[in-house]
Structure formats: C-alpha cells, structure tokens
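J.: any chance you could fold what I've pasted below:
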Amino acid sequence: MAPFCLMSVGSVLVKSLGLFSTASAVRCACIVPTLKHFSTTVGGPPKRPLTAYMHYVKAQQPDVVKQNPDIKIVDIVRKIAQQWRTLTPEQKRPFEEASLASKEQYKLDMQKYQAQLSPAQTAAMAEERRQKMAKRKAIRKKRELSHLGKPKRPRTPFNIFMAEHFEEARGTTMQGKLKSLLEDYSDLLASQKQVYVQLAEDDKVRYKNEIKAWEEHMVEMGREDLIRRKEKTRKKAAASKGKKKARVTVLRAKAPAKKTAAKKNTAAQPTTISTATKPKK
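T.: Residues are numbered from 1 along each chain as shown. Next up, the predicted model:
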C-alpha cells in the first residue's frame, strides 16, 4: 500500500488546479517579470542578521571540526548546541551584542536597498513576503491540527484505488505511476468503479462522525477557532436571519399607527379650508 500522503495526490492536484483561478494567473504573470527585472538591475536584499546562537556556531564550528574531523555535520551542530546550553549569561553576552550590532546594520542596509527600488519592485517584494507568511502560517496550522489529532479527510474513489494498486503501477517516476493509475481507473467498468465509490461513501461517514466528535472536544478545550468555517457561517446566518425577522415584525406592528395619524390629518384639512373660504353675509 502507498503511504497516506500519496493517497490524496489525485484530489490535491484537482483542487490545486481548481483554486488557481484566472485572477491568480494574471497576478502571478505580472509579478514574475517584475521579479526578473528586479534581480538583474538591483542586487539581492541584504542577508538577515544572525542570532546570538548563530554567531556562536560560526565562531565555534572551525574548532569543533578540527577536534572531531571524522564526525558528521549533524553531530557537530549537536555538540555546539550542547556547549551553548552550558554557557553562563556573561559568556553569552559578547554574542548577543554582536547580534544586536548586526541587526542595526541590517536595518541601515535594508533602508538603502529599499530606497533604490521602483514602485513595481516594492509591490513585488510585498507580494512575495505575503505569500511566504501565508505559507508559514498554513504549515504551522497544519502541524497544530495534526498534533491535536484532527481526523483525516475522506478519500475519493480514485484515492482508494491508487492506494490499493500503487505498488504494481507502471512507470518509474511518481508522475508516470500516477498517469498509469489514472488510465487504469478510467478503463474500469461501472460495476468495478462502484466498489470504490461505495468505499468512499463509507469513508465520508467515518469522517463525518470523527470530525463531529473532534470539534465537540475542541469546543470543550476553548478552541472554537478550529471549527469548520461552514458550521460557523451557518450559525451566523441563522442568527442574522432571526434578527432580521424580529426587525420586520416590529415594523409591521408600528405601521397601522402611522396610517391612523395620516387619516386624522387628512380629515382635519377640509374643515380648515371650508372655514376660510366661507362667504360673508
């Protein structure tokens, strides 16, 4: 059986293509030429400043490598990290001061760098920064949901078919295997596909039950922010509908009183006019 991450490749590809709208394509097409021009006319942005720990690593790595020439780089970093933990605040202070100095220099270099950018390049940098932040946020949220035990989403019929036949699929690369699996699945008879359709329906029931229990547990933990957006939208729509209904009821109750007052004013006007126009004897 293929790993679970491979089971959802088909649905992920379809969703990705569906989410990549025309507007997104136009925006990316506008940004790419700007970035190319940006990289050729102006040098790259200044490197981010090193932390106090990284200054320590940079200073200690040559000595550790010299003392341990046969160990791997991972073990070298582990040794330096252990040494850093044993340092006193006084011993760490020189590296912290070096980090502060590099931060100040980074600010100056960044100001000079941004001053020579065109508006298009500044917009491209802002868009690139926004995309990076969104990607990091999505990764952090995915890790958090995995840590909290959020149920896996239901699989599609093709996902289940791919999981069962991935090992014997034709092709030497991932793309080749996926292509051959898609061809094999499309060649199945309707009765053969119905087996995987039924399994997918059963998986939907499993997910529905598990996600309901999980969301109830999240509410108990005070994490209502992790509940599905559709459920939140439905509750908000119901609440706003109730408010709107109550408002209409109040307006209907007040309407007759306005009509009565209007009738009284209409009835009073002819009396005034007749008195004013009555001829003298």
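J.: so where's this structure uncertain?
T.: By pLDDT under 70, the low-scoring segments of the chain are 1-43, 229-239, 241-281.
J.: just the helices in it please.
T.: Taking DSSP state H as the criterion, the chain contains helices spanning 4-7, 9-19, 22-41, 52-67, 73-86, 89-115, 119-147, 157-165, 174-186, 190-220, 229-276.
J.: which strands or helices does the fourth one pack on?
T.: It refers to helix 52-67. helix 73-86, helix 89-115 (3 or more CB pairs under 8 Å, 6 or more residues apart in numbering; DSSP states H and E). Quick note: C-beta positions are derived from backbone N, CA and C, even for glycine.
J.: touching, Gly176 and Arg170? I think so.
T.: Yes - counting by CB atoms under 8 Å, Gly176 does reach Arg170; the two are 7.0 Å apart.
J.: break the chain down into its domains, please.
T.: Split into domains by automatic domain parsing, the chain comes to 47-116, 157-220, 228-264.
J.: can I get those in CSV with distance to Arg130 and mean neighbour count?
T.: Formatted as CSV, these follow (distance: least, CB to CB, whole Å; neighbours: other CB atoms under 10 Å):
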stretch, distance to Arg130, mean neighbour count
domain 47-116, 16, 13
domain 157-220, 28, 14
domain 228-264, 21, 10
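J.: Ala138 is nearest to which of these?
T.: The minimum distance between Ala138 and these falls on domain 228-264, with 14.7 Å, by CB to CB.
J.: now do the contacts for the closest residue to His165 other than its chain neighbours.
T.: In this structure, His165 finds its nearest non-sequential neighbour in Leu181, 6.4 Å apart by CB to CB, 6 or more residues apart in numbering. Leu181 makes contacts with Phe158, Phe161, Met162, His165, Phe166, Ala169, as judged by CB atoms under 8 Å, 6 or more residues apart in numbering.
J.: any idea which of those residues is closest to Ile227?
T.: Phe158 (28.9 Å).
J.: and the gap between the closest one and Thr173?
T.: Phe158 is 19 Å from Thr173, where distance means CB to CB, to the nearest Å.
J.: kindly report the same for Leu148.
T.: Applying CB to CB, the value for Leu148 to Thr173 is 35 Å.
J.: same deal with Ala101?
T.: In terms of CB to CB, Ala101 sits 49 Å off from Thr173.
J.: repeat that for Glu183.
T.: Computed with CB to CB, the distance linking Glu183 and Thr173 is 15 Å.
J.: how about Glu127?
T.: Applying CB to CB, the value for Glu127 to Thr173 is 33 Å.
J.: over to Gln121?
T.: From Gln121 over to Thr173 (counting by CB to CB), the distance is 38 Å.
J.: who's in contact with Met110?
T.: With contacts defined as CB under 8 Å, 6+ apart, Met110 is in contact with Pro45, Pro46.
J.: how close does it sit to Gln91?
T.: Between Met110 and Gln91 the computed distance is 30 Å (CB to CB).
J.: likewise Lys103?
T.: Here Lys103 is placed at a distance of 20 Å from Gln91 (CB to CB).
J.: and stretch 117-129, what's buried?
T.: Leu117, Gln121, Ala124, Met125, Glu127 (16 or more other CB atoms under 10 Å).
J.: now distance to Leu50 too, for the residues you listed, in JSON lines please.
T.: As requested, these are exported to JSON lines (distance: CB to CB, whole Å):
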{"residue": "Leu117", "distance to Leu50": "24"}
{"residue": "Gln121", "distance to Leu50": "26"}
{"residue": "Ala124", "distance to Leu50": "26"}
{"residue": "Met125", "distance to Leu50": "22"}
{"residue": "Glu127", "distance to Leu50": "27"}
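J.: nearest to Trp214 among the residues you listed?
T.: Once CB to CB is applied, the member of the buried residues of stretch 117-129 that ends up nearest Trp214 is Glu127, at 35.2 Å.
J.: for Met110, see how far away the closest one is.
T.: For Glu127, the distance to Met110 equals 18 Å [CB to CB].
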